[in-house]
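> Dropping the sequence and predicted coords here.
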Amino acid sequence: MNKTIKKLTVIGLGGVGGYFGFKLAQRYSNSEELNVSFVARGETYTTVKEKGLTLLSPEHENPIAHPAAIYQQLTDIPTPEVLLICVKEYDLEKVCLELKDKVNAHTVMLPLMNGVDIYERIRKVITNGIVLPACVYVASHIKEKGIVEHKGNAGKIVLGNDPQNPAYDAQELVDLMKSAGIDIQYKTDAFPDIWTKFFFIASFGLVSARYSRSIGQIIETPELQQRASLIMEEIKAIAIKKNIQIPAEIIANTFQKAATFPYATPTSLQLDVQAGKEYTELELFAGAIMDYGKSLGLPVLESTRIYEEIKAGLIR
Ligand SMILES: NC(=O)C1=CN([C@@H]2O[C@H](COP(=O)(O)OP(=O)(O)OC[C@H]3O[C@@H](n4cnc5c(N)ncnc54)[C@H](OP(=O)(O)O)[C@@H]3O)[C@@H](O)[C@H]2O)C=CC1
Ligand SMILES: CC(C)(CO)C(=O)C(=O)O
């Protein structure tokens, strides 16, 4: 295969972008093979420009990585080839609006985010280029701006073909990422995996945020386990009505998957809600379930109840 990818830019250096961006920047540092650049704002930009990006992870002895370049504004990046979009859902639309005029027919966008409708959200704004639907597992968070902490299992990405450009083969990108030590799986259709992740993150995310409890604490508390289970039943009814290929035992499988996380792992929604952030991904999880419930005529009482409780500030 001819090598065509020469540049890759990571947008957002938080838990996800900081983890995967670090691996790519360290692997391709001073390399002719791939130019890895970052886009970060405010204090993150200043810190990473001066000291490099720090990743505290048992996977890396050397905790510092330097990108080939770092930009403060999306408008500053040269013609993009591959963009890893690693922002929270509430920043996605703004990022897409800023990227819109930069993207050409060959630009590849890989959103590393939670949520089942990220592809549609991007496509609403950016109609050209290639968008690879994906889901991601990693327990990492911002310790301080420019310093990301990773605990537990190695991060993992599943990505699939762009439904709008099914002939685009992402293998070259996959190989570049694998060579940086990233666990990445390429499938024709990533949507069953994206929904599978949604079962886990929407249910555990909402319950962990509502009660300020870790994944392990939810599993060991029957009342919280029950709430997560009821939310998953609602997602299951939606997935079935939307003809998403998910296994019949999805709920049991999700509890099994959850048990593989270290006991004290918080979810990213929990961390944002606990920190009293003005914006959170509540809409991406409960909001999406409620919207699907409405449009498909399905009851989503438990998701609605927990959404309202979190909105009302009941988080203990
Ligand atoms: N953290 C985790 O363990 C996991 C998270 N996810 C999902 O991945 C996605 C990303 O989450 P996560 O990495 O945790 O989020 P974080 O909040 O940790 O990081 C997002 C980063 O994006 C930056 N950002 C936002 N807009 C811009 C912009 N225009 N230019 C430059 N930087 C920008 C933010 O900057 P600033 O700091 O200045 O706000 C922040 O540093 C979410 O959808 C999340 O649900 C999925 C799996 C695991
Ligand atoms: C639970 C976890 C860390 C698993 O990847 C996650 O996806 C999140 O918090 O958003």
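Everything's here; your move. Ligands and ions are numbered 1, 2, ... in the order given.
> Let me see the ranges of the helices in the protein.
Taking DSSP state H as the criterion, the chain contains helices spanning 15-27, 42-51, 89-99, 118-125, 171-179, 191-211, 215-220, 222-241, 250-258, 268-274, 282, 288-296, 301-311.
> Of those, which is nearest Gln164?
Closest to Gln164 of these is helix 118-125 (C-beta to C-beta; 7.3 Å). Where you see a C-beta, it was placed from the backbone N, CA and C, and this is true even at glycine.
> Might you quantify the distance of that closest one from its chain's geometric centre?
Relative to its parent chain, helix 118-125 has a centroid offset of 14 Å by C-alpha atoms, centre = their mean, to the nearest Å.
> Indicate which one of the helices of the chain is closest to ligand 1.
Closest to ligand 1 of the helices of the chain is helix 15-27 (C-beta to the nearest ligand atom; 2.8 Å).
> Spatially nearest residue to Ile289, not counting backbone neighbours?
Setting aside the residues directly before and after it, Ile289 is nearest to Ser303 in space (C-beta to C-beta, 6 or more residues apart in numbering), at 4.2 Å.
> What pLDDT is listed against that neighbour?
We have a pLDDT of 98 for Ser303.
> contacting residues for it?
When contacts are counted by C-beta atoms under 8 Å, 6 or more residues apart in numbering, Ser303 touches 202, 206, 231, 234, 286, 289-290, 293.
> just to revisit the earlier point, need the helices of the chain in JSON lines (columns: distance to Val136).
Formatted as JSON lines, these follow (distance: least, C-beta to C-beta, whole Å):
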{"stretch": "helix 15-27", "distance to Val136": "6"}
{"stretch": "helix 42-51", "distance to Val136": "19"}
{"stretch": "helix 89-99", "distance to Val136": "13"}
{"stretch": "helix 118-125", "distance to Val136": "11"}
{"stretch": "helix 171-179", "distance to Val136": "12"}
{"stretch": "helix 191-211", "distance to Val136": "8"}
{"stretch": "helix 215-220", "distance to Val136": "16"}
{"stretch": "helix 222-241", "distance to Val136": "18"}
{"stretch": "helix 250-258", "distance to Val136": "14"}
{"stretch": "helix 268-274", "distance to Val136": "11"}
{"stretch": "helix 282", "distance to Val136": "19"}
{"stretch": "helix 288-296", "distance to Val136": "17"}
{"stretch": "helix 301-311", "distance to Val136": "22"}
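> got CSV for those, with distance to ligand 2 too?
Formatted as CSV, the helices of the chain follow (distance: least, C-beta to the nearest ligand atom, whole Å):
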stretch, distance to ligand 2
helix 15-27, 8
helix 42-51, 19
helix 89-99, 11
helix 118-125, 13
helix 171-179, 17
helix 191-211, 5
helix 215-220, 6
helix 222-241, 12
helix 250-258, 8
helix 268-274, 4
helix 282, 13
helix 288-296, 14
helix 301-311, 15
